[in-house]
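In: Make a model of this:
(2 chains)
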Protein chains: 2
Amino acid sequence: MSNPTAAMLVIGDEILSGRTRDANMYFLAGELTKQGIDLKEVRVVSDDPVAIVTAVQALAKAHDQVFTSGGIGPTHDDITADCIARAFGVHIDVRADARALLQAHYDKTGLELNKARLRMARIPDGASLIDNPVSTAPGFTIENVHVMAGVPNIFQAMVASVLPTLTGGAPLLSQTLRVNRGEGEIAETLTAAAQAFEDLSIGCYPFQVNGAYGANVVVRGTDGARVDAAVTQLAKDLDL
Amino acid sequence: MSNPTAAMLVIGDEILSGRTRDANMYFLAGELTKQGIDLKEVRVVSDDPVAIVTAVQALAKAHDQVFTSGGIGPTHDDITADCIARAFGVHIDVRADARALLQAHYDKTGLELNKARLRMARIPDGASLIDNPVSTAPGFTIENVHVMAGVPNIFQAMVASVLPTLTGGAPLLSQTLRVNRGEGEIAETLTAAAQAFEDLSIGCYPFQVNGAYGANVVVRGTDGARVDAAVTQLAKDLDL
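Out: Below you'll find the model as predicted:
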């Protein structure tokens, strides 16, 4: 059986304007690979309702799981929760369970649960909450879409809350061969290996050190013995 | 007149598996912002022909300019050029001008222009070449799509070759106010400012230092005087 598939939607003008370098995609990609869920596509869109709604609907339809990051804070530019509700055609309002979490948190810190902070308790009908051990304000899961914060340490904590609840597949295993020759020297050998091991993915990533070309050849697959066999064959064919 | 819009397509299993952290998106976003071209969407897809063709067609239709990165090297997993040709329904083969560039380069370095390296001279009919001062093998532009390498220093050199040929708009200007209060404290003031300055974008990006919450308030727009006015008003309203 093939692995479940996933997509990610990164929401935020600050990424598209080059102000902020996204860190969540790299993190999520690594976690999903370990869990045996194949990340197939990532989209980054601006803080624009039409862009968010369109992307969520397309990704939720095409993939088993969708993970979003960004736009669930207390300020006017945090429009993700409302857009997700619109994408699924459900009602959204401050919900008692989310409000109770925030109330307890702000009681403890002595801050007021004002109108802005209450925005973070707006949860679409039918969603379940995602635990946020860092700053309390929850994410949520609706159908196959997991809606999480953009701040990296909060995003990472929410991913840790969600991932154990999902059915994974076979983790993707990989082995890397470092070759101190240019890609053009080894390309034919790689093509032959890709044909002989059609069930595996063989990638070639060039680098340059002190003016000399080299390449990392990465063999990926879910069957460790097959990955081993391909790497052994490649090492022999490349005289490594 | 509003600015031209752009999209980016990042192609590569190595990004989606978490092996490599993409650096090209952040670079391109910054360059486009300076040039007055609004980056509206980024997609990352795997080395899969259907995924690449579908994404290129969708992005080329929806935006003024499309920039791709990755998959134009000499090895079997470099399928971008063929996919772009398919997306535009044109023929692709080794082209004389690209071949001549590579031949001169390899003659100089004493390496053989073998079959694998010749793959890098495969250019779709009707495309114009993008100069690659780093490693010679060219990118290409077909209609509104600019096809470039994934290796960051080559990608950056190709962007530098392409950008001066494009019509830009008004560069996006931004000013940042650092506020040593949590987002929840300042949200109402920001909402009022966003309403008073509807022509600007006002973003709020929280941070945490030594356990205390703060936020960077970023005001963006193409009219410097308006950005100034909004920042001055915000500083006053926030008692900064």
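
In: Could you list the domains of chain A?
Out: Taking automatic domain parsing as the criterion, chain A consists of the domains A:5-165, A:173-237.

In: what's the span of the longest one, first residue to last?
Out: Same thing as domain A:5-165. From its first residue to its last, domain A:5-165 covers 15 Å (Cα to Cα, to the nearest Å).

In: circling back: give me whichever of the domains of chain A is most buried.
Out: domain A:5-165 (a mean of 20; mean count of other Cβ atoms under 10 Å in any protein chain shown). C-beta coordinates here come from the backbone N, C-alpha and C atoms, glycine included.

In: among the domains of chain A, which is nearest residue B:141?
Out: domain A:5-165 (21.9 Å; Cβ to Cβ).

In: picking up where we left off before, any chance of CSV for the domains of chain A, columns mean pLDDT and distance to residue B:29?
Out: As requested, those are exported to CSV (pLDDT from 0 to 100; distance: least, Cβ to Cβ, whole Å):
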stretch, mean pLDDT, distance to residue B:29
domain A:5-165, 96, 3
domain A:173-237, 93, 23
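
In: Any chance of those domains in JSON lines with distance to residue B:44 as columns?
Out: Formatted as JSON lines, the domains of chain A follow (distance: least, Cβ to Cβ, whole Å):
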{"stretch": "domain A:5-165", "distance to residue B:44": "4"}
{"stretch": "domain A:173-237", "distance to residue B:44": "15"}
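
In: Generate CSV for the ones you listed, with distance to chain B as supplementary columns.
Out: Converted to CSV, those look like this (distance: least, Cβ to the nearest Cβ, whole Å):
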stretch, distance to chain B
domain A:5-165, 3
domain A:173-237, 3
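
In: all strands of chain A, in order?
Out: Listed in chain order, the strands of chain A (DSSP state E) span A:5-11, A:38-45, A:65-69, A:92-94, A:122-124, A:128-130, A:139-142, A:145-148, A:173-179, A:201-209, A:212-221.

In: I'd like the ones you listed as TSV, with distance to residue B:134 appended.
Out: Below are these laid out as TSV (distance: least, Cβ to Cβ, whole Å):
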stretch	distance to residue B:134
strand A:5-11	29
strand A:38-45	26
strand A:65-69	33
strand A:92-94	50
strand A:122-124	48
strand A:128-130	44
strand A:139-142	42
strand A:145-148	38
strand A:173-179	20
strand A:201-209	9
strand A:212-221	11
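
In: For residue A:190, which of those strands is the nearest?
Out: When the strands of chain A are compared by Cβ to Cβ, strand A:201-209 sits nearest residue A:190, at 5.8 Å.

In: I'd like the C-alpha coordinates of the closest one written as PDB, please.
Out: Provided in PDB are the C-alpha atoms of strand A:201-209 (Å, rounded to 0.1, in the frame of the first residue of the first chain):
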ATOM      1  CA  SER A 201      14.100   7.400  -6.200                       C
ATOM      2  CA  ILE A 202      17.700   8.300  -7.100                       C
ATOM      3  CA  GLY A 203      18.500  12.000  -6.800                       C
ATOM      4  CA  CYS A 204      21.700  13.800  -7.700                       C
ATOM      5  CA  TYR A 205      22.600  17.100  -6.000                       C
ATOM      6  CA  PRO A 206      25.700  18.900  -7.200                       C
ATOM      7  CA  PHE A 207      28.100  20.900  -5.100                       C
ATOM      8  CA  GLN A 208      31.300  22.800  -5.600                       C
ATOM      9  CA  VAL A 209      34.200  22.800  -3.100                       C
END
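
In: Outside of it itself, list whatever touches it.
Out: By Cβ atoms under 8 Å, 6 or more residues apart in numbering or on different chains, the residues outside strand A:201-209 that reach it are A:182-183, A:186-187, A:190, A:193-194, A:213-221, A:230, A:234, B:13-14, B:20, B:47, B:73, B:75-77, B:151.

In: the inter-axis angle of that strand versus strand A:173-179?
Out: Here strand A:201-209 runs at an angle of 40 degrees relative to strand A:173-179 (axes from the mean of the first three to the mean of the last three Cα atoms, to 10 degrees).

In: strand partners of strand A:201-209, parallel vs antiparallel please.
Out: Strand A:201-209 has the following sheet partners, assigned by DSSP bridges: strand A:212-221 (antiparallel).

In: Just want to check the distance between residue A:51 and residue A:103.
Out: For residue A:51, the distance to residue A:103 equals 33 Å [Cβ to Cβ, to the nearest Å].
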